[in-house]
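> Here is the input, now give the coordinates:
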Amino acid sequence: MKSISYFITLAATLAVLNGCSKDDKDKKPDSPSTGKPVETKPANTSYPPAFTGQTRINGVTTAAAYQATVLTSALTAPWGITSLPDGRLLITEKAGRMRIVTNTGTVGNPITGIPAVNAGNQGGLLGLCIDPQFNSNRMVYWVFSEPVTGGTVTAVAKGRLADNEASIENATVIYRANPAYNGTMHYGGRILFDKTGNLFVSTGERSDIATRPLAQSVTAALGKIVRITTNGTAAPGNPTFSQSGALPELYSIGHRNPQGIAIHPTTGELWQSEHGPRGGDEINRIKAGANFGWPVITYGIEYGGQPIGNPPIQQQNGMEQPVYYWDPVISPSGMTFYKGNRIPEWENDLFIGALSGTHIARLVIDNNKVVGEERLLASENQRFRDITQGKDEALYAITDGGRLYKIDKK
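Predicted coordinates for the structure are as follows:
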């Protein structure tokens with residue numbers, strides 16, 4: 001196993017501790033601020049942010065000593081990771097495989113019974129989660145790019161993990177984000193349970209100019225957060241969109257390629273990461289019934305350098321602003337909030353896997369605003385695809401290069 005340790009001097013740690021009075025001894029400790037944003041490259045645009053701190057917030061540095069350990073490098077393009085009740089990890093691989101990996105890095109055989117995926121380009125076997133009642137029903141839910149008439153769709157399936165863990169039994173597709181499109185980009189692809197036992201699913205708008213406007217259409221499930229039951233029907237209590245023919249499963253609209261969703265451990269609110277084009281990667285706090293703007297408003301430009309929109313705009317009434325955005329992009333993918341005491345200063349912070357950024361972004365959030373940013377494991381030069389917090393409170397992250405990292409206090 002390979003171990004990478006990061007150290008902050010004892011003096012810095014004592015400085016933080018000495019700044020705490022008896023009245024705030026139970027307060028979450030602060031990480032020292034560097035006073036400078038972690039991003040030093042020039043932005044692609046000169047668009048002004050909507051508010052102070054919306055981008056390039058001051059950097060922070062974790063005061064506690066922690067280490068990152070590579071548990072295995074034997075995975076092949078892993079895409080989603082979640083914990084089983086006993087602490088082992090259930091992981092998807094893009095080509096269509098699902099595996100169980102132990103906390104010491106032993107990789108299990110592929111689990112059979114998974115429906116065929118279209119793994120071309122950005123497609124494949126994507127995000128996954130397990131049922132809150134997994135101990136009794138052993139149900140697994142996952143997102144994948146499904147080949148169908150007319151192209152592919154972002155689909156959701158469920159099945160029972162067999163008692164011997166060798167197969168998924170009775171795999172069933174419960175939801176398809178229509179319309180189908182003959183393309184292989186921007187599937188979105190994350191899934192998790194809400195506190196009511198229903199499922200949030202993120203879907204992409206399929207990238208091309210032809211499908212982009214569907215992110216704004218309430219009659220299409222592309223470029224959306226949808227909320228469904230475990231049978232795939234619209235969940236009760238969903239917002240009602242006023243436009244004619246609105247799909248009942250829609251929760252929010254106006255998304256581009258949302259590859260990360262997570263629920264805040266204190267507020268219970270849904271947060272989301274979203275790929276922008278050239279610039280304009282976003283972190284959003286999702287509100288039921290809200291429109292997050294794509295492609296009408298964006299802080300990015302086309303990959304070729306052209307503006308998006310004529311004229312390009314970044315703010316519009318009735319459309320939500322991102323809590324935070326990056327320019328240039330880091331390509332934010334899977335993400336999780338940290339909850340626990342192993343590294344107290346991380347409590348309620350948001351950790352996001354960065355693909356093109358080749359690091360894990362740590363965002364310190366206070367009152368729904370980002371107040372500090374840190375880049376972890378940047379020296380590893382890995383495309384971090386997903387991250388979760390394990391039953392042992394350590395963070396576990398997977399990379400496109402096939403690595404599984406454990407990140408925990410030293």
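
> Pick out the residue closest to the middle of this protein.
Gly260 (1.7 Å; C-alpha atoms, centre = their mean).

> and after the helix or strand that contains that one, which helix or strand comes next?
Using DSSP states H and E, Gly260 sits in strand 257-263. Per DSSP H and E, the first helix or strand lying C-terminal to strand 257-263 is strand 270-275.

> still on that earlier bit, show me what the strand holding Gly260 is packed up against.
strand 188-193, strand 199-203, strand 270-275, strand 332-337, strand 350-354 (3 or more C-beta pairs under 8 Å, 6 or more residues apart in numbering; DSSP states H and E). Bear in mind the C-beta positions are built from the backbone N, C-alpha and C, glycine included.

> Phi and psi next, for the residue found closest to Arg256 once you drop the neighbours it is linked to in the chain.
Nearest non-adjacent residue to Arg256, counting by C-beta to C-beta, 6 or more residues apart in numbering: Trp294, 4.5 Å away. Dihedral pair for Trp294: phi -70, psi 140, per degrees, to the nearest 10.

> Please work out how many residues are found near Trp294.
Trp294 has 27 neighbours, counted by other C-beta atoms under 10 Å.

> these two touch, right, it and Gly254?
Yes. Between Trp294 and Gly254 there is a contact under C-beta atoms under 8 Å: 5.0 Å.

> Now do the contacts for the residue nearest to Arg256.
Glu205, Arg212, Ala215, Gln216, Gly223, Gly254, His255, Arg256, Glu274 (C-beta atoms under 8 Å, 6 or more residues apart in numbering).

> Scan those residues and report the most crowded one.
Going by other C-beta under 10 Å, Gly223 tops the contacts of Trp294 with 31 neighbours.

> need the contact list for Ala155.
Contacts for Ala155 (C-beta under 8 Å, 6+ apart) come out as Val143, Phe144, Ser145, Glu146, Val173, Tyr175, Arg176, Ala177.

> For it, list each beta-bridge partner.
Phe144, Arg176 (DSSP bridges).

> Could you check how far it is from Thr112?
19 Å (C-beta to C-beta, to the nearest Å).

> coming back round to it: could you identify the buried members of the contacts of Ala155?
Val143, Phe144, Ser145, Glu146, Val173, Tyr175, Arg176, Ala177 (16 or more other C-beta atoms under 10 Å).

> pretty sure the fourth one is in contact with Val153, am I right?
Yes. The pair formed by Glu146 and Val153 meets the contact definition of C-beta under 8 Å, at 5.4 Å.

> any shared contact partners between those two?
With contacts defined as C-beta under 8 Å, 6+ apart, the residues shared by Glu146 and Val153 are Arg176.

> Which single one of the contacts of Ala155 is nearest to Leu350?
Val143 (21.0 Å; C-beta to C-beta).

> can you pull the contacts of that closest one?
Counting by C-beta under 8 Å, 6+ apart, Val143 touches 80, 126-128, 154-156, 187-191, 201.

> Apply 6 Å and report the result again.
Shown in contact with Val143 (C-beta atoms under 6 Å, 6 or more residues apart in numbering): Leu126, Gly127, Val156, Gly189, Ile191.

> okay, the closest residue in space to the fourth one that isn't next to it in sequence: pLDDT?
Going back to what we said before, that points to Gly189. Excluding the flanking residues, the one nearest Gly189 by C-beta to C-beta, 6+ apart is Leu126, at 3.3 Å. Here, the pLDDT recorded for Leu126 equals 98.

> Please name the strands paired to the helix or strand where Leu126 lies in the sheet, noting orientation.
Assigned by DSSP H and E, Leu126 falls within strand 125-130. Strand pairing for strand 125-130, determined by DSSP bridges: strand 139-148 (antiparallel).

> After the lowest-mean-pLDDT helix or strand in the chain, which helix or strand is next?
Lowest mean confidence among the helices and strands of the chain (mean pLDDT, DSSP states H and E): helix 10-18, at a mean of 38. Note on helix 10-18: by DSSP H and E, the next helix or strand toward the C-terminus is strand 33-37.

> what sits up against that next one?
Contacts with strand 33-37, where a contact means C-beta under 6 Å, 6+ apart, come from Arg56, Asn58, Gly59, Val60.

> How many residues are close by Pro368?
Wrong residue type there; residue 368 is Asn, not Pro. Neighbour count of Asn368, defined by other C-beta under 10 Å: 11.

> actually Gln243, not the one I typed
10.

> OK, contacts around it?
Neighbours of Gln243 in contact, by C-beta under 6 Å, 6+ apart: Val218.

> Could you give the secondary structure assignment for it?
Following DSSP: H, G, I helix; E, B strand; the rest coil, the label given to Gln243 is coil.

> now the helices: where do they sit in the stretch 51-200 of the chain?
134-137 (DSSP state H, counting those that start in this stretch).

> what about the protein, any weak spots by pLDDT?
Along the chain, the model assigns pLDDT under 70 to residues 1-26.

> I figured Ala68 hits Lys406, correct?
No. Between Ala68 and Lys406 there is no contact under C-beta atoms under 6 Å: 7.1 Å.

> number of nearby residues for Trp346?
28.

> Same check on the one 10 residues further on?
Ser356 is flanked by 12 other residues according to other C-beta under 10 Å.

> Repeat that for Glu269.
12.

> Ok, Ser167 next?
Ser167, neighbours per other C-beta under 10 Å, totals 17.

> What separation is there between it and Gly159?
Plainly put, Ser167 is 9 Å away from Gly159 if you go by C-beta to C-beta.

> Same question for Pro236.
24 Å.

> just Phe337 next, same as before
According to C-beta to C-beta, Phe337 stands 28 Å off from Gly159.

> Tell me who's in contact with the closest residue to Ala77 other than its chain neighbours.
In space, and not counting its chain neighbours, Ala77 is closest to Lys94: 4.0 Å by C-beta to C-beta, 6+ apart. Taking C-beta under 6 Å, 6+ apart, we find Lys94 in contact with Ala77, Trp79, Ala119, Gly124.

> that older thread, residues in contact with the residue nearest to Gly189?
Neighbouring residues of Leu126 by C-beta under 6 Å, 6+ apart: Trp79, Gly80, Val143, Phe144, Gly189.
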